[in-house]
Structure formats: C-alpha cells, structure tokens
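Undergrad: With the input below, show me the fold.
(chains A, B, C and D)
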Number of protein chains: 4
Amino acid sequence: MKALCYFGERDIRYDSFEDARLQSDDDVIVKMEKCGICGSDLHIYHGHGFSADTGFCVGHEAVGEVVETGRSVKRLKSGDKVMISAAAGCGECGPCLAGHINRCQGRGAACYGLSHALEGCQAEAIRVPKADFNAWKIPDGISIDQALMLTDNLPTAYLGCLNADIGPGKTIAVVGLGPIGLMAVEAAFVLGASRVFAVDLVAERRAMAEKLGATPVDGKEAGDVIREATKGRGADSVVEAVGSDATIRLALSLAGRQGTVSVIGVNQTRDFSFPMGLAFAKGLTFRIGTCSVQCHWPDLVPLIRDGRLHPERFITTELPLSQGAEAYRLFEAREAGTLKTVLVP
Amino acid sequence: MKALCYFGERDIRYDSFEDARLQSDDDVIVKMEKCGICGSDLHIYHGHGFSADTGFCVGHEAVGEVVETGRSVKRLKSGDKVMISAAAGCGECGPCLAGHINRCQGRGAACYGLSHALEGCQAEAIRVPKADFNAWKIPDGISIDQALMLTDNLPTAYLGCLNADIGPGKTIAVVGLGPIGLMAVEAAFVLGASRVFAVDLVAERRAMAEKLGATPVDGKEAGDVIREATKGRGADSVVEAVGSDATIRLALSLAGRQGTVSVIGVNQTRDFSFPMGLAFAKGLTFRIGTCSVQCHWPDLVPLIRDGRLHPERFITTELPLSQGAEAYRLFEAREAGTLKTVLVP
Amino acid sequence: MKALCYFGERDIRYDSFEDARLQSDDDVIVKMEKCGICGSDLHIYHGHGFSADTGFCVGHEAVGEVVETGRSVKRLKSGDKVMISAAAGCGECGPCLAGHINRCQGRGAACYGLSHALEGCQAEAIRVPKADFNAWKIPDGISIDQALMLTDNLPTAYLGCLNADIGPGKTIAVVGLGPIGLMAVEAAFVLGASRVFAVDLVAERRAMAEKLGATPVDGKEAGDVIREATKGRGADSVVEAVGSDATIRLALSLAGRQGTVSVIGVNQTRDFSFPMGLAFAKGLTFRIGTCSVQCHWPDLVPLIRDGRLHPERFITTELPLSQGAEAYRLFEAREAGTLKTVLVP
Amino acid sequence: MKALCYFGERDIRYDSFEDARLQSDDDVIVKMEKCGICGSDLHIYHGHGFSADTGFCVGHEAVGEVVETGRSVKRLKSGDKVMISAAAGCGECGPCLAGHINRCQGRGAACYGLSHALEGCQAEAIRVPKADFNAWKIPDGISIDQALMLTDNLPTAYLGCLNADIGPGKTIAVVGLGPIGLMAVEAAFVLGASRVFAVDLVAERRAMAEKLGATPVDGKEAGDVIREATKGRGADSVVEAVGSDATIRLALSLAGRQGTVSVIGVNQTRDFSFPMGLAFAKGLTFRIGTCSVQCHWPDLVPLIRDGRLHPERFITTELPLSQGAEAYRLFEAREAGTLKTVLVP
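TA: So this is what the prediction gives:
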C-alpha cells in the first residue's frame, strides 16, 4: 500500500509500505477515508522522532471503514465507519476503563505514528489493535469531517477550555488561533463565556475568530488591549494553544486575580522561566497536559449534532495523500488562511 | 403619593398612600422609575396576603433613582440609579454576607410588598432599609429594563437552570414558557445545553421559544414527543417554571435516568403525590426553592452586557402605574402574547 | 451443587441445584467463599420475586475463587480471588464503559439472583458472564471480608453520603443504623462531616454508631433532639438508609435550609406524600437511586487499605450456607445486635 | 502603650508607642489578649518591610477584647471578644462582600503591620478600621487559642489542601512541617485523604506528623520513598508549606499523573525554573496564592468545635510581649520542637 513515512528531519515521503494486516484476533484493518495533519505532527517533522525508528508511517487522526476483522472482535464488522484517535490502549486497566486511554497502564499501549510499534494512519489502511476498544463507530448524525475533528483536535480544544475553568459570565483570552485555538473560542462560548479575546499575530486568523463572536487582539499588543478592556482586571481564564515559551508567558501575564491559565500546546522545556512571584500575587491556577479524547465525546457529540459546535468549518485544505509531503511543507510554512489540512487517499 | 395597594382577594387599587420617608439613618428613598408585576404577585392578588394586613403597597421588583439618603448611608447618594430586589436583609448575618439575603437570619429582614412591615415598590417612591446593603447601583452598561429583570426574574430563571445541573451537551426540557421559562431557555443555552425542548400549551409562547433556538413542544404531548426525540432516554435536566402539581409531575416524568428536575415555580402543596418508585428507578435529583438574587449578578451582569442574554426582550407590556389594577387583571387572564408587564409612574 | 433457592414468599431453601458451568467463552466459574445477605434480599424473601420464576438461586454479593475460565477470558485465570457485584453488564455500552453497570444498555445485562436469567451467588459456585468485565480481582491489601463489603453495601453507603452533599464542617443525620447506615456514619466522617446524628429505634445500634463518633438519637425524638442541638437549623445533609415512607418523611423533616436529603433505601411507592411546600420553603435537594458499585472502588479501596474505613466490622454473623434458610428468618426478625450476615459454603 | 516595632533588618524592638485610638466613627479599639508570630512576619524581620516606613507596629494575627467603639459601629460593643485577621477591607466592594477581603478593591484596604498605614497587632492595643466588617466575634465554643489560629494559619493550611484537590481516597504529600504544614496534615485527613506523607528535614517535626496519622518521610529521600510506597505513581496531591524554590521543585517532582501541586508558602521568585516538560507529561495542576481567611470559617469553626481539628495543639511557645524581640530571634533560629509562638501582653 501507499503511506506517508518518516525518514528524518523534514523528510516525510509518500512511499510504498507493507500492507496493513491483522496481527492478532483483536485487530481490525481500516481503510482510511480521511486523515488529518496535526500541529503535533510537526514535532516529528522537525526531527523529534519520539523513537530511533525511521521508515514508519506517520499520522494519528483518521476516519475510515472497517474492511477486515480479527476473530474475537465483537463490536465491529466490515463496513462500519470508525474513528481512530491518537492513542491505543489495552482496554482493561483502570485508566482505560475510565476513558483515560492516554494514561493506559497496560501492555500494548501505544500512540499511532511515532515508531514501528504502531504504524500511523496517514496511509491507505491502518491496523487497529484491541479494536473493540480502540476503533469507535462514528455516531449517528456526525459527518466524516466532524468525526475526523473528534479524533483529536476538538477534544483537545475543549479540554483546554475545561482546564481553564471557563464558566458563565467569564472573560476569556485564547492565545494562538490555529484550528485548535479557534475551536477553543467556539467551545468557550458553549461553556458560557461572556467575552472572548482572540489573540494571534496573523490578521486573517483574528478575522476568523471575530466571525465566531470573539474580540480580535493583535498578539503584539495583547497585554495592553486586554488590560484596558477589562479595566485592569485581566482575563478570568486563558487558553494557550501554541506551546512556545513566549506564548505561555504571555498567557500567564494576561490572567487576572484568581485566574486560570490552561496550556494545550505541547511544551517540553525543562527550565521554563515561570513568574512565580506574579503567580503568587495573582493567586493563579495553571494546568497543562494531554487530552483523554474519548472522555469528552459524551459532551461533544450532541453539541456537534445539535449544531452548537462546527469543527468541520476549520478544515480549509484537502489534498490527496500522494501530496502529503507537500502538505507537510505547506503546513510548516503556515500560509495565512490555512487551518486544518486533511489528506484523502 | 400614589401606589398600588392590596385590600383583599382580587382587590388591588391605585390609591393615595402616605409618602415614603426615611425612618432610620440607614434608609434611602428611591423614586420609582419602573417596576414589574411578577407571577408571585398573583399569589397575593388571589388573596394569599402572606399577612393579615390590608392596605399595604404591593410589588417587589423595581429600579429607580435615589432621592433622599439617611445620614449613615455611605455607598449611595442622590441621583444614583439603583435596583431593588425582592427581599431586604440585615446585611450583617452570615447568610447576608454570603449573598443569601433570602435566608437572612437578622432582625429587619423582610420582603417588599407582603405587609406593612415593608411597603412594596409598585408605588411612586420606595423606602429601602439598610440601603447600603439593599439598594444596588445599576452596573455600567446595563439598561433600565435589563436592570429591572435582574431584580428577580432573570436570576430566578438562571438558578432554575443551575439547580437542574445543566451542562455542556445536555438535553433539557423547560416546562412553562412565561418570561421566566423563556429566560430559562436562553440561560440553558448559555450553560452549554445542546438541545432544549420548550413545553407550553400556548402556541405563541412556543413560537417565542423556537426563536431562541428551542424545539417547541405542545404541553399535551410532551411525554411522547420528548421520549421519541431522545430515543427513550428522556431529558437530562428539566426546569419547571409554573409551580402547579400537574406541571411538576410532568417535569418528573420527562426526566431520564440520573436526570435532575428543578422547580422554580412556587408550590405550597403539603402532600404532593411524588412518584417515588419512578424516582428510585431513574435515580433522580430533585431541587426546589427560592432564589438568592444577588448571588447570581456576577455571572449575569457580564452575560447581559456582552450580549449573551437579553432579558429586556421579554418585557412586552408597559403601562402607567395608574392602570395597575387593570394590569393585574390582564396578567391574571394571561392573554396570549403577553409576557412581562412593567409599570411606570 | 448446593444453593439457596427461592420458591415463593418466605420460602427460600437450601437445596440441590444444577452445577454452575460455562455457557460461553466469556464466562468463568467462581467457587464461592463468602456471600452476604443484603437488605434488598428481603424484598425477594417477602415474595417480590422481580420475576415469575421460582427455583432460581438467590444472592448478589460474593467473593470467591476462579476455578474455570472460558477460552476468550483474558484478565482472569484459575486461582484468582474475585469480587462479584450485584449487576452484570455487557462491558461494551457507554454506561458500562463509564463504570455505570447498573445502567447497562447492552444485551446480557442482568442482576444476580432475581430469576433464572442469572443465577444468584448464595450457592457453592457461580457462573459469571462476560467475566473479564464482571468479575474483579480483589485488590492487594483487601481482606476477604472487606472485599465482600465492597461488592455492594459499602459503595451504597458511600453513594448515599455523596448524594447527600456531605462536605467538611457539615452537620449530618443518618436515619436507620443497619450495616449500610452505620457505614454511612463512618463514610460521613471521611467526607469531612463535623457532627453526625445517628438515628434509630434500637438502642444497641445507636450504641454502635456512638462508638464510631456519632451522636446517638432515638428515632422517636429525632426531630426535637436535632432541632435543639442545631439551634433550630436542622441537618445540612440527611442520609436515609431504610426506604420506608415514614423514614423518608422523617429525613425530609430533619433537613435544614438548603439541605440535601439522600435516600439509599429501596422505595417503590407510587404516590409518596411529599411535603412540597416545606421543601420549597427550605430550598431542598432530594436524591434517590441505585448505586454504580464499581465507580466508587477507586475511592474506597485505598480508604480501606489505609485504615480509614472498616466495613468488615459490620459483619456480625457468619453461618454455613446450609443454614441459609434459617439465616433469612433471623435476618427478617432483625434480632438486636445482628448486623451483616455472611454465609460460607 | 507598648508594642513591637520594626526599625530595620533584624531590628524589631519592644518599645513605647502612641496609644491606639479611634480615628473614625467606624473604628474600634481592641485590647490585645494574644497575638501570633507568623512565618510571613520573618519576611519583615529580614528587612522586606513592604514599605519604606520604619517605627511601625508589626503583627497581623490577634484576638482581644473590644474596649472602645466608634459611634457608628453596630455589631460590636465593649467586652466583645474578637478575632483580627491579616487584612482589613472596605467591606463594601464585590470581593469584600464575597468574603475575599484579601482582594479588596475599595479604599482603606490594608494589611496590619506592614507600614504606618495600619499598625500591627503585636501591641497592647489595636485600632481596627471599619470594625463591623473587620473584627469578628469569637464564635461560641471556640477557645482563645483556637480563635487565634483561625485568624490566619489554619485557614491558610486548609486553603492549601483545597487548592491541592484533596479528596476521599487520595494519597497526599505535605512538604514542610511547620505549624501550617502540620495543620495541613490534619486537614488533609478531614478532606478524606487515605494516606499522607509528611516531609521535613527535622525528625521532631516528622514525629509530630506521625502522631497525626501521617507517614513520616525525611526530606532528603522523599522522592525515592514516595515513589516506592506508591509503586511509582507518586502523590495525587502535594501541599507545599515552605515557599522556597527548592521545596516547590520537590513538590512538583512528588506529584503523580494528573496530580495537583498547591503552594501555600510565600514565593516571590521572578524566574522560577519550572519543569514544564514534566508538568506536560504528568498533566499537572499547579496553584499558588494567598488566603481569603474569612471564607473558610463556615467550614472550620464547626470542625474545631466538634473536635475534628485541633489547631491549638500547634501552639508550643507562649511568651510575654515584652520578650517579643527575643521571640523573633528564637523563631528565626527555628529551634527544633518549636512550632507556633504566641505573645501575651
């Protein structure tokens, strides 16, 4: 089959790859219909392979159709349309049973697309281990594009808002208006936000946030603008959706007294310079971490189905899988106006 | 001065009344600009005077202008526009300090318009006791009509939603679409409701709820319609905004497993026939009670100011205070299309 | 094998019964080591068979040892010591995956000991369906007796406390001091209760509650005693652990303003006489329902292991399974001093 | 009168001082009966005067008797025993009305003992501004020593536990076993902690924590010991009660996945080296800030009165006010076994 494979820094190629095939009675094979390129894929693209492997398939967000099932698979059958999310769990440990697959303590836990341990889903087909647990039927009333956004990006944006203690009447700032940041803007209103300041350096992204009801703020002047607009109080909650040291520090500076700062972006800094005296004076809460995607579906599926969230709107680019290498290049360049890129076989 | 006074069942008259005047250094006199007629005023109109008194002024929701202040009043001065809410508290006891004026344990606690103890505010002027605590300046950015709705009806609707455990992605039913029920519809969406079934017998009220985004349901067929629409699951949360035994029982029947039923309407029944076996099988939570109005302003003021709640839209009728007796008659008749009635001097 | 079987009202017999055997690849057979008689078993004993069946095995709380496993069972092997709780779920539906087995929507959901659909566990051996999901290994550091109490009674007592909104500094009343009520007393202190009034008609039970730190109150004078001790305020939270109409009404009367009443006892009344006016005046929250046992183990297992809860202390009687019929008779008679009765083969 | 006054780094003297006297109709004068030396007083002792003033009275925790009242004071009269807490608020702004005096936005807000703006309470008498709001009668059933601990230290310890998301069945670590750390140990159990690791370098302090039920851990080996005892999982919640960079970093390292770290200690570092990558991998919540003392009294007063918390036990030293300079010296030296020092006139 064909797939996008990682061979080193900035070297992702569309290439022939060994066909996905059942390795256990628990597995299913899914024919990929759409897969996404995620901001965290850029970490791999930049050479952080998360493993010494090369030549593995990349990608960790996909929807597709079950085409083959292992003998002990019970919940799925050929023809089922399914969602495949970032991590595969054992399905049996405490965290898995509580829906926290990203904290699986069992054997066989792995993330797609980080090594040969579990090949990624930017490929014509994907093997899903312990498939009764790790492939989820697309719920009624959810489109393919909506389902794709449910596999990672939307739950991450939503968790970012929950972690920010957003509630009714609160003033929010969202720092970084990529697709996740924009979905955080939309989710903040669903959670009752009264006002959302949408902060980015790119005017076109700010314009998209404004259409969602947010107040656009140029990243260069965010501190002054938000301070003045809130009469010096600052934001009750700040969602940081970039992950750089600079934007996290900006987020900390935008929060007001008793505020909460929630970081969604990936940050691996070992000695981040944290303004502890300021945090003490303000009485801040700070949260950071990865998302237990499946935990949030009971909230998110009805919100999409009933029209309160529209994650599909943030898919702006659709390319054939064969142009995947180019898609990575374009994504890295972050051409203005480009949000979520989706690949189809 | 002139005022609306209670003389017995269905006997409220526009009459001359002794001028409101300072009785203590803590008091202020407020010239009434607008006051509301509340559903609970009908209880008085129907002869439940809550006291043996007659001849007292009625009314417990008003906005106006401070025109005279006692010597020890500090937060208010003549010319201030203020909100006057249902209950006046001592301002010193634990519940008052926690914002729960309706649970005041101190001396001097009283409700406006139930007896001569504290004359009501459907009058040209109102005496406010312990005014630093009991008259609240209208916040910046809030109109007179919005402020009037903040004095009682909107916080009650909002509490009804909070008490119903409404949250993101939930399916809600609101039973009874008077102004409070309609504001509960609007508030349910602010709290993240995915879908709101709006139940009433009157088509015009259902049509108003539909404009707010709700699914209108005729009260006569609510059980069947909601059961089918939810595939038998029922509503996660039900807000009851009428208070009759029949509508509370309807609300209990509409809730699904682990659902919550919240009653805003006033109900005084001593031996309500409660379907305990059903509640056990469903695992219900049931809440009822009065509203601590001021507690909810920190949430509600920004939601109004930033345009997420529009309580002023539910004021459909404005009449001169002199036609107040007629206003009560019309309100009791609940002419279709009439929601909140406001009186001006 | 031998088992306790239901043949009609007050007719439970120790009798020969067809051996428990695997019916599916998912099943395991568990050799019973200890099983409990639960208050809800008395409902069956009194002739509410919950089904038209007779001759089925009764019982729904047991611990034992796996002695045979179906071919597709993965988490369990012969020799494992396991807990078997009231309900068996499909292990695949949303509620099961969220730990709410008692709300299973899948096929194969059943309760033990209510009919031939799923034979009960007051027997020498028990078949457990979908055993990877429905039989749980006894956690390290938990004794057999503690494990038995984890299968139903302790989680029910704990849920009763959670449902009562018990928190730090609160004043609690527990109505009914059977084993579940006494465990609710102990759990209330773990949840931060400042003071617990323990209400029962039987002096010996009150004495046991007093040893746990509670203030004993004779059920006949509970209203007066608690009112006086709280200076008229009443209890913040009331846990009702009987289920009769009279005790539920007592519970409602003991709660103070903004209080919560939680009913653990089973009550099937269709037209319970609910004091709605009182509930309105107080602003009550009322909860009732069954327990999702497994949900509470993450809290309860460490509390037992670290010595903060001692559910094994409430096992006061151990009898051979062969004397089970007599055990039911004694249990029904509620001889003073007898709390939990356990049967061993 | 006599008082302890600040004249510069390590120069606090017992000296004559102008008598405390009414400056406004709102004031009262309180004759000091006991006052505490707080860890934060050492910041002043070390020369961080928080102001350019010298010669002012220090101290911010006291209990005493009202001896003189301004004309407009209503809640207090001579002879009342009162608590005086760290900050004095305006009593009229939103934060004050919500009990968050430490966030007062009004005029006249100040902390005792930081400058001449509001003289401290390590003095024979104290002027309390806006006394109806800022002096609180000692509740019935609370002793003088308990009341003194309620003015600052116990609420701070309790907030530290709440901020750490301590709940039933959780494993806790408390870093630093001064009086506040030890009270955090006690409070953690009240909040349901299953196990508490008590970390300090001083063996005598660990022994005191052990008497409270905690597992003592030498600070030098805390990481290894807690990791092993929790089978690698770490603590669910960590309370840091020192405030140094090193102990905050230790606290961050002790927390397990999805854990919460709460810092009570004062830390003013501008560029604290925060292990962001670790926090991301663990999914941490981090909280720091000051305490709204009065907010916690509704929980804490009944817990003390009913014997679940015993803050008075941590008062180990009582000295005459005249030996206050020596008391500071001893406190700074942190002689083993010395916890809370109290001064009496």
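Undergrad: Can you check the pLDDT for the residue nearest the centre of chain A?
TA: Residue closest to the average C-alpha location in chain A (C-alpha atoms, centre = their mean): residue A:153, at 2.9 Å. Residue A:153 carries a pLDDT score of 96 in this model.
Undergrad: So it sits against residue A:309, correct?
TA: No. The pair residue A:153 / residue A:309 is not scored as a contact, 11.6 Å apart, by C-beta atoms under 8 Å. Just so you know, the C-beta spots here come from the backbone N, C-alpha and C atoms, and that holds for glycine as well.
Undergrad: intersection of neighbour lists for these two?
TA: residue A:183 (C-beta atoms under 8 Å, 6 or more residues apart in numbering or on different chains).
Undergrad: doesn't residue A:105 fall inside a strand?
TA: No. Counting by DSSP: H, G, I helix; E, B strand; the rest coil, residue A:105 falls outside a strand, being coil.
Undergrad: what sits against it?
TA: A:90, A:93-95.
Undergrad: what's the following helix or strand after the lowest-mean-pLDDT helix or strand in chain A?
TA: Across the helices and strands of chain A, mean confidence by mean pLDDT, DSSP states H and E is lowest for helix A:94-97: a mean of 81. Counting by DSSP states H and E, the next helix or strand C-terminal to helix A:94-97 is strand A:110-111.
Undergrad: ok, that next one: who's next to it in the sheet?
TA: strand A:87-88 (antiparallel) (DSSP bridges).
Undergrad: just to revisit the earlier point, leaving out the residues flanking it, which one is nearest to the residue nearest to the centre of chain A?
TA: In space, residue A:153 comes closest to residue A:180 once its chain neighbours are excluded; the distance is 5.4 Å by C-beta to C-beta, 6 or more residues apart in numbering or on different chains.
Undergrad: Mind checking the pLDDT average for whichever helix or strand the one you found is part of?
TA: Using DSSP H and E, residue A:180 falls within helix A:179-190. Average pLDDT, helix A:179-190: 98.
Undergrad: For it, name the packing helices and strands.
TA: Helix A:179-190 sits against helix A:153-163, strand A:171-175, strand A:195-200, helix A:203-211, strand A:235-240, with contacts defined as 3 or more C-beta pairs under 8 Å, 6 or more residues apart in numbering or on different chains; DSSP states H and E.
Undergrad: Of all the ones you listed, which one comes closest to residue C:162?
TA: helix A:153-163 (21.3 Å; C-beta to C-beta).
Undergrad: How far off centre is the closest one?
TA: With C-alpha atoms, centre = their mean, to the nearest Å as the basis, helix A:153-163 stands 8 Å off its chain's centre.
Undergrad: Kindly report the residues of the stretch 201-345 of chain A close to chain C.
TA: residue A:298 (C-beta under 8 Å from any C-beta of the partner chain).
Undergrad: Quick check: the gap between the closest residue to residue A:109 other than its chain neighbours and residue A:100.
TA: Closest residue in space to residue A:109, ignoring its immediate chain neighbours: residue A:89 at 5.4 Å, by C-beta to C-beta, 6+ apart. Separation of residue A:89 from residue A:100 (C-beta to C-beta, to the nearest Å) stands at 8 Å.
Undergrad: ok, these two, which is more surrounded?
TA: Each of residue A:89 and residue A:100 has its neighbours counted (other C-beta atoms under 10 Å in any protein chain shown); residue A:89 has more, 27 against 23.
Undergrad: dump the residue contacts of the more buried one.
TA: Per C-beta under 8 Å, 6+ apart, neighbours of residue A:89: A:95-96, A:101, A:104, A:106, A:108-109, A:130, A:133-134.
Undergrad: that older thread, can you pull the residues that touch both of residue A:89 and residue A:100?
TA: With C-beta under 8 Å, 6+ apart as the test, residue A:89 and residue A:100 reach no residue in common.
Undergrad: Need the nearest residue in space to residue A:33, chain neighbours excluded.
TA: residue A:64 is the one closest to residue A:33 (C-beta to C-beta, 6+ apart), at 4.7 Å.
Undergrad: whoops, residue A:209 was the one
TA: residue A:198 (3.3 Å).
Undergrad: Quick check: bridge partners of the one you found?
TA: Here residue A:198, judged by DSSP bridges, has bridge partners residue A:174, residue A:216.
Undergrad: Let me see the contact set for it.
TA: Contacts of residue A:198 by C-beta under 8 Å, 6+ apart are A:173-174, A:177, A:181-182, A:185, A:206, A:209-210, A:212, A:214-217.
Undergrad: Out of these, the closest to chain B would be?
TA: residue A:215 (9.4 Å; C-beta to the nearest C-beta).
Undergrad: what number of residues lie near the closest one?
TA: 19.
Undergrad: and it, how far is that from chain C?
TA: 37 Å (C-beta to the nearest C-beta, to the nearest Å).
Undergrad: Kindly report the same for residue A:291.
TA: Distance from residue A:291 to chain C, by C-beta to the nearest C-beta: 17 Å.
Undergrad: Could you look up the SS state of that residue?
TA: Quick answer, by three-state DSSP: residue A:291 is coil.
Undergrad: so who does it touch?
TA: Counting by C-beta under 8 Å, 6+ apart, residue A:291 has contacts A:102, A:152, A:155-156, A:159, A:264.
Undergrad: Reduced to three states, what does the nearest residue to residue A:278 once chain neighbours are set aside come out as?
TA: Residue nearest to residue A:278 in three dimensions, not counting chain neighbours: residue A:252, with 7.0 Å by C-beta to C-beta, 6+ apart. What three-state DSSP gives for residue A:252 is helix.
Undergrad: what about the residue lying closest to residue A:75 once chain neighbours are set aside, how many neighbours?
TA: Leaving aside its chain neighbours, residue A:75 sits nearest to residue A:132 (4.6 Å; criterion: C-beta to C-beta, 6+ apart). Around residue A:132 there are 19 other residues, counting by other C-beta under 10 Å.
Undergrad: hang on, isn't residue A:132 packed against residue A:73?
TA: Yes. Counting by C-beta under 8 Å, residue A:132 does reach residue A:73; the two are 5.8 Å apart.
Undergrad: okay, and the common contacts of those two?
TA: In contact with both residue A:132 and residue A:73: residue A:26, using C-beta under 8 Å, 6+ apart.
Undergrad: Quick check: the residue nearest to residue A:278 vs residue A:274, distance?
TA: 8 Å.
Undergrad: Compare neighbour counts for the two and give me the winner.
TA: residue A:274 (24 against 20).
Undergrad: what would the helices and strands packed on helix A:179-190 look like in TSV with distance to residue C:142?
TA: Supplementary listing: the helices and strands packed on helix A:179-190 in TSV, determined by distance: least, C-beta to C-beta, whole Å:
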stretch	distance to residue C:142
helix A:153-163	33
strand A:171-175	45
strand A:195-200	48
helix A:203-211	52
strand A:235-240	41
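Undergrad: These: which one's closest to residue D:20?
TA: Using C-beta to C-beta, the nearest of the helices and strands packed on helix A:179-190 to residue D:20 is strand A:235-240, at 39.7 Å.
Undergrad: Okay, helices next: where are they in the stretch 201-345 of chain A?
TA: A:203-211, A:222-229, A:245-254, A:276-282, A:297-305, A:324-333 (DSSP state H, counting those that start in this stretch).
Undergrad: what's the closest of those helices to residue C:319?
TA: Across the helices of the stretch 201-345 of chain A, closest to residue C:319 is helix A:297-305 (C-beta to C-beta), at 44.8 Å.
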